[in-house]
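**Q** Okay, sequence plus prediction incoming.
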Amino acid sequence: MIEVMTVFLGIIILFPFIVTVAFMVVMRKIGKAPASILGLAADVTTPLLFLAVYVVSQTVFGQGIWVYIIGIAIIIAIFYAFIERSKVKEFQIARLLRKTWRFYFLVLLAAYVILLITGMVMNIVEYVR
């Protein structure tokens, strides 16, 4: 039973978009509008993308980049706080957090795709040699 659970968690961490698609299907069955569930699905997927980027980078390069991931996340949050503070008279922390969290999704999605492509290319090159 533990092995099944480990494989299941490994698949979810390595392929976080399985959770995204499942979440969107469930929310659609409940009757939510597609436009509103896309943002919620991205919110649910972001923590899994943090883990997936770390695991894939560990696999591809042999060393973890956890410190860099957290550092970039903090820099993005500070950057968005400065922009939000200068643009809006009333600083709303919930709005800032939502924008930052969704931007994390985009950045982590790009990093995930780049890492997967890099890993595949490195394996192909290693196989050809």
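**A** Arrived safely, thanks for sending.
**Q** name the helices or strands packed onto the longest helix belonging to the chain?
**A** Using DSSP state H to assign secondary structure, the helix with the most residues in the chain is helix 93-128. Using 3 or more C-beta pairs under 8 Å, 6 or more residues apart in numbering; DSSP states H and E as the contact test, the elements touching helix 93-128 are helix 34-61, helix 66-87. Yep, even glycine has a C-beta here, placed from its N, CA and C like the rest.
**Q** In terms of secondary structure, what does the last one contact?
**A** Under the contact criterion of 3+ C-beta pairs under 8 Å, 6+ apart, helix 66-87 touches helix 34-61, helix 93-128.
**Q** pLDDT averaged over the longest one, what's the number?
**A** Here the mean pLDDT over helix 93-128 is 91, rounded to a whole number.
**Q** which parts of that helix are buried?
**A** Residues 96, 99-101, 103-105, 107-109, 111-112, 115-116 are the ones in helix 93-128 that count as buried (16 or more other C-beta atoms under 10 Å).
**Q** if we can go back for a sec, tell me the most buried of the helices and strands packed on helix 93-128?
**A** helix 34-61 (a mean of 17; mean count of other C-beta atoms under 10 Å).
**Q** That one to helix 66-87, inter-axis angle?
**A** 140 degrees (axes from the mean of the first three to the mean of the last three C-alpha atoms, to 10 degrees).
**Q** Just list what helix 34-61 packs against, helices and strands only.
**A** Applying 3+ C-beta pairs under 8 Å, 6+ apart, we find helix 34-61 packed against helix 2-14, helix 17-30, helix 66-87, helix 93-128.
**Q** can we see that at 6 Å?
**A** helix 2-14, helix 17-30, helix 93-128 (3 or more C-beta pairs under 6 Å, 6 or more residues apart in numbering; DSSP states H and E).
**Q** which residues does the residue nearest the centre of the chain contact?
**A** Geometric centre of the chain, nearest residue: residue 49, 2.7 Å, by C-alpha atoms, centre = their mean. Counting by C-beta atoms under 6 Å, 6 or more residues apart in numbering, residue 49 touches 16, 108, 112.
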